[in-house]
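1. sequence and predicted structure below; questions after.
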Amino acid sequence: MQRKAYVPGVAVLLAAVLAGCTGSPDDAGRADDSNPGSAGTATQAAQPGRYATLPEPCGVVEDRTLRELLPGIDELADETRRQKAYAGEATLTYDTDRTVGCRWKVESSEATDHLLIDLERIVSYDNAVSDDAQAEQLFAEKRTAAQLPEPKVTESGSPDTDASAEASSSPSGSPSASASGSASASASASDGTASPSAAPSDLQPRVLDDLGDEAFIDDELSSSGSTAKQRTVTVAFRTSNVIVTIEYAEQPMTVGVVPDSKEMQDRARKLASELADSLSD
């Protein structure tokens, strides 16, 4: 009987199949490298911020500091009212891991004082942007919104961060403390007296370089017609991924009395330093 002829094409096909199943290690490496989901091409996530929680806001200010900021607090005769004044009132928030705040208000025979502190923990939801970088961007926007005057340039040509050349307007359009002080000083120049609201250049709204990672201070004096003028000092600073804002306001009971700018700024900056230290602990 005649045998069937062997078909060469079948042998070639079998060889190709066997070669595909027993590919070389180099081929496997090239295949893995071409996989877009491989571990070698994964993007490293940005670092989280230093702070994962926030402190209880009404407990971060010591009683001795509250007595300095709110001079009338110990004038409250009723013990219950005095304790309530020291305790403060927490601001409304829906996520205490991200934003907390507390406010105090004390009325005395001399003036009404207000204090508000706000702490915000910044979290970036972009793997390419760290929490610190996101907080830095948000703080820059906050500083821009404050409309601080341009820093004065010193003789060496470098900007002076502790002084300002001119007064700026507040975001609401009301004049700042420096603008009001200049106007009052001009009005009293004829009789040789200096106005208590006249603020020297080192008390102008300005950037601060000795607080947290970055900071600024603003100082505004209201122009509320015949009523007593209210001064509001704001100190804001950033440390890592937490932004702290302090608003300290005083309105005298007597028309014509102007709250002292230096005294209020010193008190607000002292509180800011204490809060920065407590966050660093």
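-> Looks like it came in fine.

2. which elements pack onto the lengthiest helix in the chain?
-> Using DSSP state H to define each element, the chain has its longest helix at helix 261-280. Here helix 261-280 touches helix 63-69, strand 214-221, strand 231-239, strand 242-252, going by 3 or more C-beta pairs under 8 Å, 6 or more residues apart in numbering; DSSP states H and E. Glycine gets a C-beta too; all of them are placed from N, C-alpha and C.

3. give me the buried positions along the second one.
-> For strand 214-221, the neighbour count (16 or more other C-beta atoms under 10 Å) marks Glu214, Ala215, Phe216, Ile217, Asp218, Asp219, Glu220, Leu221 as buried.

4. next, the angle strand 242-252 makes with that strand.
-> 20 degrees (axes from the mean of the first three to the mean of the last three C-alpha atoms, to 10 degrees).

5. what inclination does strand 214-221 have with respect to helix 261-280?
-> Using the same axes, to 10 degrees: strand 214-221 against helix 261-280 is 150 degrees.

6. on contacts alone, who are the packing partners of strand 214-221?
-> The contact analysis (3+ C-beta pairs under 8 Å, 6+ apart) places strand 214-221 against helix 131-145, helix 177-188, strand 206-208, strand 231-239, helix 261-280.

7. so which of the ones you listed is nearest Gln251?
-> strand 231-239 (7.9 Å; C-beta to C-beta).

8. and the closest one, what's buried?
-> Arg231, Thr232, Val233, Thr234, Val235, Ala236, Phe237, Arg238, Thr239.

9. then stretch 67-85?
-> Neighbour-count burial for stretch 67-85 flags Leu69, Leu70, Pro71, Gly72, Ile73, Leu76, Ala85 (criterion: 16+ other C-beta under 10 Å).

10. could you tell me the end-to-end distance of that stretch?
-> 10 Å (C-alpha to C-alpha, to the nearest Å).

11. also stretch 91-107?
-> First-to-last distance for stretch 91-107 - C-alpha to C-alpha - comes to 20 Å.

12. show the average pLDDT along it.
-> Throughout stretch 91-107, pLDDT has a mean value of 94.

13. repeat for stretch 214-228
-> Per-residue scores along stretch 214-228 average to 86.

14. output that stretch as PDB, nothing but the C-alphas.
-> C-alpha atoms of stretch 214-228 as PDB (Å, rounded to 0.1, in the frame of the first residue of the first chain):
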ATOM      1  CA  GLU A 214       4.000  82.400  55.800                       C
ATOM      2  CA  ALA A 215       1.700  85.000  57.300                       C
ATOM      3  CA  PHE A 216       0.200  88.500  57.000                       C
ATOM      4  CA  ILE A 217      -1.600  91.100  59.100                       C
ATOM      5  CA  ASP A 218      -4.400  93.500  58.100                       C
ATOM      6  CA  ASP A 219      -5.700  96.500  60.000                       C
ATOM      7  CA  GLU A 220      -8.900  98.200  59.200                       C
ATOM      8  CA  LEU A 221     -10.800 101.100  60.800                       C
ATOM      9  CA  SER A 222     -14.400 101.400  60.000                       C
ATOM     10  CA  SER A 223     -15.900 104.700  58.800                       C
ATOM     11  CA  SER A 224     -19.300 104.400  60.400                       C
ATOM     12  CA  GLY A 225     -20.400 108.000  60.600                       C
ATOM     13  CA  SER A 226     -21.300 109.400  64.000                       C
ATOM     14  CA  THR A 227     -21.000 106.100  65.800                       C
ATOM     15  CA  ALA A 228     -17.800 104.900  67.500                       C
END
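
15. please name the residues that touch the closest residue to Glu136 other than its chain neighbours.
-> Excluding the flanking residues, the one nearest Glu136 by C-beta to C-beta, 6 or more residues apart in numbering is Arg238, at 6.9 Å. By C-beta atoms under 8 Å, 6 or more residues apart in numbering, the contact set of Arg238 is Ala135, Glu136, Phe139, Gly212, Asp213, Glu214, Ala215, Val244.

16. ok, the fourth one touching Phe237?
-> Right, Gly212. Yes. Counting by C-beta atoms under 8 Å, Gly212 touches Phe237, with 3.8 Å between them.
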